[in-house]
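**Student:** got a structure for you, letters missing:
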């Protein structure tokens, strides 16, 4: 799986980043929980495996005993017993009750063997021929085997159910670990890099704007300074010219008194 | 699962089935359907297969199917294909032939998973 670059198709915004981050946190928490569940199931599974092997071995012995007991009963009672049994089948006296056992949220059916009463009548019928005691022994022996079998059946059912549950859980764990989480992480990385890129662009733009403004200000300042210089020079020149004029007329340089220097003739009207 | 509990079904040779019937497993319901099949010399594979299919898929009052290993070998493909948890199929040894754990579908898987430590 190429999860190296795989990511969700999202718009890189701060809001999306928050959403993706919360999803990532959820995925990681789910992964942790599922891992724990898988561990619990596997633990139970291992125990059941051992129990199954043990029970199968016990069953082999028990069945051998039962078969032997039946053979003895047949020897004592002849075929009549067999026919009596085969003809006497009506309602089941042995039934299995199923109830559920819960392992880490997985429901495992568990069987217990239950014997209904009211089988003595048929028993006596069988015993009317010969070898009633042997038949009773065989019956007890098979009853024992049935007990073991129901135990084994629940173990085997648990085995199959747990097997399925473990497979599903492991699939989920792996999916989260190898697919969902990397994708979300890549998305977070992508959004962060895009946001950084945007920020850098913004910073650069601001710098540019600032530089431009600075340049503008400097230019205006320079122009203003030149203008001022020009004005000052012009004023100076004028002042100098004015001074020359005054100096030339009054003969005493600039600042001569008009009233004193000039002979003011009276005006006659 | 009904109130009364579920049934056990038996498929096997005459002695094995009779033994279990003696212990009170046998049941004949209102429609005269028996929950056992006696496999004799003249019983064909398709008869066994039909009974096995009926016990495992069609009837919901059966929780455990007991099948002797010799008979299971004859319909091994069906036994292998049975993957559901309920009813659970148990292979039992019969009178004449000794029990071979390595032929048992479930036990083969179990010993494989245990890495050989729990095998035969």
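**Tutor:** Nice, thanks for sending it over. Small disclaimer: the values here were computed from a predicted structure and weren't measured.

**Student:** rest of the way, CA atoms for contacts and neighbours
**Tutor:** OK.

**Student:** Now do the helices in chain B.
**Tutor:** Here chain B has its helices, by DSSP state H, at B:14-22, B:45-53, B:69-74, B:76-81, B:105-113.

**Student:** got TSV for those helices, with mean pLDDT and mean neighbour count too?
**Tutor:** Below are the helices of chain B laid out as TSV (pLDDT from 0 to 100; neighbours: other CA atoms under 10 Å in any protein chain shown):
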stretch	mean pLDDT	mean neighbour count
helix B:14-22	80	24
helix B:45-53	84	16
helix B:69-74	84	20
helix B:76-81	83	14
helix B:105-113	74	18
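
**Student:** Dig out what residue B:11 forms beta bridges with.
**Tutor:** residue B:37, residue B:67 (DSSP bridges).

**Student:** burial measure for it, as a count.
**Tutor:** By other CA atoms under 10 Å in any protein chain shown, 25 other residues sit near residue B:11.

**Student:** ok, now which ones touch it?
**Tutor:** B:17, B:36, B:37, B:38, B:39, B:52, B:65, B:66, B:67, B:68, B:71 (CA atoms under 8 Å, 6 or more residues apart in numbering or on different chains).

**Student:** so can I have a markdown table of the helices of chain B showing distance to residue A:218?
**Tutor:** A markdown table is the format used below for these (distance: least, CA to CA, whole Å):
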| stretch | distance to residue A:218 |
| --- | --- |
| helix B:14-22 | 110 |
| helix B:45-53 | 98 |
| helix B:69-74 | 101 |
| helix B:76-81 | 90 |
| helix B:105-113 | 84 |
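
**Student:** May I see the ones you listed organised as CSV, with distance to chain A added?
**Tutor:** Output for the helices of chain B, formatted as CSV (distance: least, CA to the nearest CA, whole Å):
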stretch, distance to chain A
helix B:14-22, 6
helix B:45-53, 17
helix B:69-74, 12
helix B:76-81, 13
helix B:105-113, 6
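
**Student:** Ok, which of those helices comes nearest residue A:170?
**Tutor:** Among those, the nearest to residue A:170 by CA to CA is helix B:105-113 (16.2 Å).

**Student:** near chain B, which residues of the stretch 151-269 of chain A show up?
**Tutor:** Within the stretch 151-269 of chain A, the positions near chain B by CA under 8 Å from any CA of the partner chain are A:152, A:153, A:154, A:156, A:157, A:158, A:160, A:161.

**Student:** Please identify, among these, the one with the most neighbours.
**Tutor:** Going by other CA under 10 Å, residue A:153 tops those with 29 neighbours.

**Student:** thinking that one is in contact with residue B:64, fair?
**Tutor:** Yes - between residue A:153 and residue B:64 there is a contact at 6.6 Å, judged by CA atoms under 8 Å.

**Student:** Between these two, which contacts overlap?
**Tutor:** Common neighbours of residue A:153 and residue B:64 (CA under 8 Å, 6+ apart) are B:88, B:89, B:90.

**Student:** By neighbour count, which of those wins?
**Tutor:** residue B:89 (27 neighbours).

**Student:** Now do the same contact list for it.
**Tutor:** Here residue B:89 is in contact with A:153, B:64, B:65, B:66, B:67, B:79 (CA under 8 Å, 6+ apart).

**Student:** okay, those residues in JSON lines with distance to residue A:57 next?
**Tutor:** Listed next are those as JSON lines, based on distance: CA to CA, whole Å:
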{"residue": "A:153", "distance to residue A:57": "14"}
{"residue": "B:64", "distance to residue A:57": "19"}
{"residue": "B:65", "distance to residue A:57": "19"}
{"residue": "B:66", "distance to residue A:57": "16"}
{"residue": "B:67", "distance to residue A:57": "17"}
{"residue": "B:79", "distance to residue A:57": "20"}
